[in-house]
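**Q** The sequence and its predicted three-dimensional model are supplied below.
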Amino acid sequence: MSVEQAVVGAPEEDGAKTTPRHVSRSVTLTIGCVLVGVIVIVAVVSLFWVPFAPEDTSGRRLMPPGLPHLLGTDKLGRDLLTQLMIGARIALAAGAGSVVLGGVIGIAAGLAAGFATRWLDDVVSALLDILIAFPTLLLAMLVAATQAASLTSAIVAIGLAMSAIVARLTRVLVKRVLAQDFITASRTSGTSWPRVVIEHVLPNIWPTLSVNLALQFGLAVLAEASLSYLGLGAPPPNASWGRMLQEAQASVFIAPVGVIAPGVLIVVLVIGVNLIADGFRDVADPTRRRRR
Amino acid sequence: MSLLEVSGLRVRSGDGRDLISDLSFTVDAGGRFGLIGESGSGKSLTALTIMGLLPPGMTASGSVALDVPGMGRTEIVGAGERLLNRLRGRAASVVFQEPLTALDPLMRIGHQVAGPLRRIQGLRGRALREAVTAALEEVRLAEPGRIAKAYPHEISGGQRQRVAIAMALACRPALLIADEPTTALDVTVQAEVLALLDGLVSAHSMALLFISHDLAVVSGITDHVLILKDGVAVESGAVLDVVNGPRHPYARELVESARELDAALDGLNAPDGGTR
């Protein structure tokens, strides 16, 4: 996982890399890709086609699975499958939006702290610790209080909270890379600092960082579901899996599918993303890849 | 005219200790100078000071001047980053001790060697690829095409150090600093790499600053030496004088142990008896 391990776990064991562990890595990656792939396809399809219009309340309320409503209807008579498909879009947007926002801010701040003088580094680290201690939920409520609660406000809150975690990790990784001989070696041939960052620092922190960002994607999906459950996410009529859970829980014994379906989808997406994260390292790090 | 002139150099750590005190020596253009000392004696720090790459917190005072034909005389101590970056790689470059950590583990060898060629000589495309192959061939790497595509962990320690030498020599620096270049290699490979360095430095009439803890190795490749102990120069002069008549007790100790080791090594391998 660390850069050092990546360096130390080097060439001699090349032949021994066909261990079951290595094989299972690529299996987890495949399963993860299938799980996430299905949800991505559903989300893309929902852009062009859904079984019923999302605001169509013409169906009977709380219908069980059957025809024409394949998964039944919710308490307002809306088609459950339609809601779930649109929810996939929202969940993926929340994950991707938060990771992009948190990743960009976090990596930039982490790089700055990693390069900074000790004094500035201490200040940034203290700020990060405070930000990490600050509950994401409270942050989301504050953001939602300044604007209306929306998918954007949820993404901003989750992304900001994430950026502190990403920044702290980036800072440590950058410091570790900068302490390596090859940075000094590169500098002796006249590489400027910006080039050192682009050519050496970013590629060397990426294997670890990308795994973490993938994990953060899963956490962001969960966080968005929680915020929506509390009414701090995408407002109706946009279907979010978290809000669907909340709306359906009163009728869990009459129409259990309304609770089970969004719950299962959240679990599938988060597990899929985590499996991808687990298998990701090998793809991003050539010293772990098998060659020849 | 000397290429490198270090005079009254003093390097101080962040907490105010003197790591190097009052160090003075000169290296002539095309000359070969050995810097000997145990670990912690300040010899690697001297190399970093010459490159203007002191670790944060350390401060240098005194004077380190590089006088490269065509580039003029430059004072390193206190110089700005921009000026230093122009000198690095062109006026002077370094081969480090540990070839595995001195190469970026995630960058293909060819790309690493291409770095200074692209930056300093402005080569691109096909000319750049040819220059990389030439640089790898120059350090006697068989199959330069395969090596160029490999990552550092996929080649041997000796090959890695050859790559590091190729990178350091890529832009024909006037001064090559070799900081314990053979210490991390096993004995047979050491002899090969030393012979390679020796040949290349002569061929391009570069000056060599050879840093080592090993008097036997240094005396074989340089003509002047300086012995450092705890950041202080305890003895300096022509190699023969130092080896034949060391004055300082520490120098005497070094000469004696080098003699013993030399005798033992002579029995083990002839200069060119290697893996090939």
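**A** Yes, it's here. Numbering: from 1, shown residues only, chains lettered A, B, ... in the order given.
**Q** So which other helices or strands are in contact with the helix or strand A:Ile132 falls within?
**A** Secondary structure from DSSP states H and E places A:Ile132 in helix A:118-133. Applying 3 or more C-beta pairs under 8 Å, 6 or more residues apart in numbering or on different chains; DSSP states H and E, we find helix A:118-133 packed against helix A:80-115, helix A:151-178. Bear in mind the C-beta positions are built from the backbone N, C-alpha and C, glycine included.
**Q** Mind putting the ones you listed into CSV with mean pLDDT?
**A** What follows is those, written out as CSV (pLDDT from 0 to 100):
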stretch, mean pLDDT
helix A:80-115, 93
helix A:151-178, 93
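**Q** Out of the ones you listed, which gets nearest to chain B?
**A** Closest approach to chain B among those (C-beta to the nearest C-beta): helix A:151-178, 9.4 Å.
**Q** tell me the mean pLDDT over the helix or strand that the closest one is followed by?
**A** For helix A:151-178, the following helix or strand on the C-terminal side (DSSP H and E) is helix A:181-188. On average, the pLDDT along helix A:181-188 is 91.
**Q** Give me the contact list for helix A:181-188.
**A** Residues outside helix A:181-188 that contact it (C-beta atoms under 8 Å, 6 or more residues apart in numbering or on different chains) are A:177, A:196, A:199-201, B:48, B:51, B:53, B:88-89, B:92-94, B:96, B:98, B:101-105, B:115, B:164, B:167-168.
**Q** which ones among the residues you listed are found in helices?
**A** A:177, A:196, B:48, B:51, B:115, B:164, B:167-168 (DSSP state H).
**Q** just curious, which of these is nearest to A:Val45?
**A** The closest of these to A:Val45 turns out to be A:Val177 (C-beta to C-beta; 42.3 Å).
**Q** Near chain A, which residues of the stretch 101-250 of chain B are found?
**A** B:101-107, B:115-116, B:119-120, B:151, B:153-155, B:164, B:167-168, B:170-171 (C-beta under 8 Å from any C-beta of the partner chain).
**Q** at 6 Å instead, please
**A** Neighbours of chain A within the stretch 101-250 of chain B, by C-beta under 6 Å from any C-beta of the partner chain: B:101-106, B:116, B:151, B:153-154.
**Q** Any stretches of the chain with poor pLDDT?
**A** As the question left the chain open, I've gone with chain A. Along chain A, the model assigns pLDDT under 70 to residues A:1-25, A:282, A:284, A:288-292.
**Q** think we crossed wires, I meant chain B
**A** Ranges of chain B meeting pLDDT under 70: B:1, B:262, B:265, B:268-276.
**Q** would you list every one of the strands in it?
**A** Assigned by DSSP state E, the strands in chain B fall at B:2-12, B:18-28, B:32-36, B:59-68, B:72-75, B:92-95, B:175-179, B:207-212, B:224-229, B:232-238.
**Q** Could you identify which of those strands is most buried?
**A** Neighbour counts (mean count of other C-beta atoms under 10 Å in any protein chain shown) averaged over each of these peak at strand B:92-95, with a mean of 28.
**Q** Measure how far it is from the centre of its chain, please.
**A** Centroid separation between strand B:92-95 and its chain, computed with C-alpha atoms, centre = their mean, to the nearest Å, is 6 Å.
**Q** Whether that strand contacts chain A - can you check?
**A** Yes. Strand B:92-95 comes into contact with chain A (C-beta under 6 Å from any C-beta), by way of B:93-94.
**Q** what packs against that strand?
**A** Counting contacts by 3 or more C-beta pairs under 6 Å, 6 or more residues apart in numbering or on different chains; DSSP states H and E, strand B:92-95 is packed against helix B:157-169, strand B:175-179.
**Q** tell me, what residue is most central in chain B?
**A** B:Ala178 (1.2 Å; C-alpha atoms, centre = their mean).
**Q** Contacts only, for that residue.
**A** Contacts for B:Ala178 (C-beta atoms under 6 Å, 6 or more residues apart in numbering or on different chains) come out as B:95, B:210.
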